[in-house]
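Participant: What would the 3D arrangement of this be:
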Amino acid sequence: MSHDPHAEHGKPGHKAGFFQLTFMIYGAACGGAFGAEDMVSGAGPGMALLTLALIPFLFSIPISLAVAELTTTFPVEGGAYKWAQYSFGDFWGFQAGWWAWMSGVVTNSLYAVLFADYLKAWFPAMGPWQHWMACLALIWFLHYLNVRGIDVVGAAAIALSVLLLLPFVAMTVMGFLQWKHNPLSPFVAPGLDLGSGFGSALALGIFLYSGYERLSTVAEEVENPQKIFPPALFCAATLALFSYVLPTLAALAAQGKWHDWSRAYYPVVAEQIGGPWLGTAMTVAGLMSCTLLLNCTILSVSRVPLALAEDGFLPPFLKKLHPLYGTPTRSLFWGSVTYSLLALVDFSQLLVVNCWFQMACNIMVYATLWALRRSRPDAPRPFSVPFGMPGLVLATVCTCGLAAAAIGSTVWQEDNALARYSLTFSLELATDGKDAPAPSLPIPIPFLGGPGVMRLSLAGLKLSPSVSQLVIGLAAMFSGAIVFWMCRVARRWGKWDEDA
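Facilitator: Residues are numbered from 1 along each chain as shown. Alright, predicted model coming up:
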C-alpha cells in the first residue's frame, strides 16, 4: 500500500526537488573523500587511485541504474521493502525492509560517534559522558530537522555538501599547482603484486561506494520521481567519484608521502599543502561530513518502519504523522532514541552485522529487479538499465559478485599470509589504531563510523572461517525472520488494528 503522508492531512506538503535529492543521495552514500586515506598506504598510491576510479563502474553506478529503474517504475514509500513485497510476498518484503532498517540504525549510531571523535581531537579532555553528550546533541538536532520534512533535510544536505567540499576543492587546486611527484608511483605497495594490491583495496572501495539505494524509501516525497531520480542518482555517483579521485590525486602529486597516509589524514595533508587554515577547514569538513551522512540516513531509515506499520507488520503507533509537516514523528523519535543508546555500546560486532545487512540489501535490489521484469513485464518503465538484457546481466554480476565478496570478507581470516596469488579478506576491529603488519589494510571508519579501525588482511591458500563472525552474520540475517513471525503473532493476538 502506497502512502502519501501529506494527503491524509489535506495539506500541500513540501517535496524534494532535483538538487535536494541529488545531494541527499550523495550525503547518504559518500559525504566527501574521508575514508579513502588508508587505501593509499595499504595498496599503494597507483592502485588506490585505480580502485577509486574503477569501483564506481563495477559497483555504485550499476546499483544506481537498478535503483533508478525500480524507483521510476514503482515510486513508493518504503523503496526496497515494497519492491521485494511485490516480487516475493510479505515474508521476503519484510526481510528486505528489516535489512535496510537495521543497517541504517547501526550506521546512524556510528556516524554520531565519529562526529564526537572528531570533536575530541579539539577537546582532548573530553570524557565518556561528554563524548556521549556530543552524540546526543547531533542526533537530536538532526531529529528536529527531519521532523520538519524532506525539504528541510534536502536544503541542509545541499548546504553541508557545498561547505564540506570547499576545502577539498581548495586543496585539489593548490595540490595540482604544486605538482612535484608522480602520484602513481609506486603503483602497488612493496610486497604486493597487481592482483594482491587490487584485492587489498577492493573491500574498502565497495564500502566507500555503498548506499545509493537508501533514498528510494522517500520516492513519494520527491517531485516527479520518475523523471528526476535517474539523473539525481547519476549526478550523485559522479560527484562521489570525483570527490574521492581528484583530492587524492592532487594531494599525492603535491606531497608524495604516500606511506604516511592513514585514517583522518586529509587535515594533515591539507595543512601541508595550504597552511594551517586549510587544515582547520578540512577538520571542520570532517564534522560536516558526519553530520551530512547522519542527516540523510535518518531520513531514509525512518520511512521503512512507517511503511511496515502501514502494512500491518509493525505496531500501528509507528504510523503517527506530524499534523503540520506530515513526517513520521514516532518512527523518527524511536529511531533517535535507539541511536542515542547505541552510541554507548561497543561496535566491534555491529560492524560485521552492518556489512551483512548492507550487502544483502544490494543483492535483494537485483533479485527484485529481475523478478519484477518477469512478473510485471507490461508495467510502464520510464527508465531501464541500459543495453537491454546484456546490460542487466553485467550489472547484476558486477554488483552482486562484489557484494558477496564483501560478505565473505567478514568470515574468512588469515591462515597463511605467505601465498601471494590466492587471497581473501578478513575484517576485524582493532581499537588501538596502530598500523597492521604488511600486507594489511587498516580500514578507517568514516564509511561506517565508530571508534576503531577495520583491518583488512590478505589471506593465503589455507582459509579458515571465523566461526564467531559467521554465526553473528547468519544470526543477523535470520533475525528478520524471527521478528516477522513475532509480529505476525502479536498482530493476531494483540490489538494492532487499533491506532495507538
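
Participant: how about the nearest residue to residue 278, chain neighbours excluded?
Facilitator: residue 270 (4.5 Å; CB to CB, 6 or more residues apart in numbering). Backbone N, C-alpha and C define where each C-beta goes, glycine included.

Participant: Packing partners of the one helix or strand the one you found maps to?
Facilitator: Per DSSP states H and E: residue 270 is located in helix 266-274. Helix 266-274 sits against helix 150-177, helix 225-255, helix 276-310, with contacts defined as 3 or more CB pairs under 8 Å, 6 or more residues apart in numbering; DSSP states H and E.

Participant: For that helix, give me every contacting residue.
Facilitator: For helix 266-274, contacts defined as CB atoms under 8 Å, 6 or more residues apart in numbering pick out 33-34, 37, 167-168, 170-171, 174-175, 178, 247, 251, 254-255, 261, 278-283, 285-286.

Participant: now with 6 Å?
Facilitator: With contacts defined as CB atoms under 6 Å, 6 or more residues apart in numbering, helix 266-274 is touched by 171, 174, 175, 251, 254, 255, 278, 279, 282, 283.

Participant: got a winner among these for most neighbours?
Facilitator: Among the contacts of helix 266-274, the one with the most neighbours (other CB atoms under 10 Å) is residue 251, at 32 neighbours.

Participant: measure it to residue 47 for me?
Facilitator: To residue 47, residue 251 is 16 Å away according to CB to CB, to the nearest Å.

Participant: if we can go back for a sec, tally of neighbours for the residue nearest to residue 278?
Facilitator: Burial of residue 270 is recorded as 28 neighbouring residues (other CB under 10 Å).

Participant: where's it relative to residue 16, distance?
Facilitator: Residue 270 is 32 Å from residue 16, by CB to CB.

Participant: follow-up on the earlier one: just give me how far the helix holding residue 270 sits from the chain centre.
Facilitator: From the chain centre to the centre of helix 266-274 is a distance of 26 Å (CA atoms, centre = their mean, to the nearest Å).

Participant: And for stretch 175-190?
Facilitator: 29 Å.

Participant: how long is that stretch end to end?
Facilitator: End-to-end span of stretch 175-190 (CA to CA, to the nearest Å): 25 Å.

Participant: So which bits of it are buried?
Facilitator: 175, 178, 183, 184, 187, 188, 189 (16 or more other CB atoms under 10 Å).

Participant: Near the residue nearest to the fourth one when sequence neighbours are not counted, how many other residues are there?
Facilitator: What it means is residue 184. Nearest residue to residue 184, sequence neighbours excluded (CB to CB, 6+ apart): residue 46, at 3.8 Å. Each residue near residue 46 was counted by other CB under 10 Å, and the total is 21.

Participant: how close does residue 46 get to residue 116?
Facilitator: Note on residue 46: its distance to residue 116, by CB to CB, is 35 Å.

Participant: and whichever strand or helix holds residue 488, what does it pack onto?
Facilitator: Using DSSP H and E, residue 488 maps to helix 467-493. Applying 3 or more CB pairs under 6 Å, 6 or more residues apart in numbering; DSSP states H and E, we find helix 467-493 packed against helix 90-122, helix 350-375.

Participant: Let me know which of these is tucked in deepest.
Facilitator: Ranked by mean neighbour count, the helices and strands packed on helix 467-493 are led by helix 90-122 with a mean of 24 (mean count of other CB atoms under 10 Å).

Participant: surely residue 305 meets residue 331?
Facilitator: Yes - the criterion here is CB atoms under 6 Å, and residue 305 meets it with residue 331 at 4.7 Å.

Participant: Give the residues shared as contacts by those two.
Facilitator: Common neighbours of residue 305 and residue 331 (CB under 6 Å, 6+ apart) are residue 318.

Participant: circling back to that earlier point, any idea how far residue 40 is from the residue nearest to residue 278?
Facilitator: Per CB to CB, residue 270 is found 15 Å from residue 40.

Participant: ok, now residue 70?
Facilitator: Going from residue 70 to residue 40 by CB to CB gives 35 Å.

Participant: try residue 29
Facilitator: Residue 29 sits 21 Å away from residue 40, going by CB to CB.

Participant: in stretch 133-140, what counts as buried?
Facilitator: 134, 135, 138, 139.

Participant: Need those residues in a markdown table (columns: pLDDT, secondary structure and distance to residue 359).
Facilitator: Formatted as a markdown table, the buried residues of stretch 133-140 follow (pLDDT from 0 to 100; DSSP: H, G, I helix; E, B strand; the rest coil; distance: CB to CB, whole Å):
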| residue | pLDDT | secondary structure | distance to residue 359 |
| --- | --- | --- | --- |
| 134 | 93 | helix | 30 |
| 135 | 93 | helix | 26 |
| 138 | 96 | helix | 27 |
| 139 | 96 | helix | 26 |
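
Participant: any chance of the residues you listed in a markdown table, plus distance to residue 383?
Facilitator: Output for these, formatted as a markdown table (distance: CB to CB, whole Å):
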| residue | distance to residue 383 |
| --- | --- |
| 134 | 42 |
| 135 | 39 |
| 138 | 36 |
| 139 | 35 |
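
Participant: ok, of those, which one's closest to residue 124?
Facilitator: residue 134 (13.4 Å; CB to CB).

Participant: I figured that closest one hits residue 120, correct?
Facilitator: No - the pair residue 134 and residue 120 does not pass the contact test of CB under 6 Å, sitting 8.2 Å apart.
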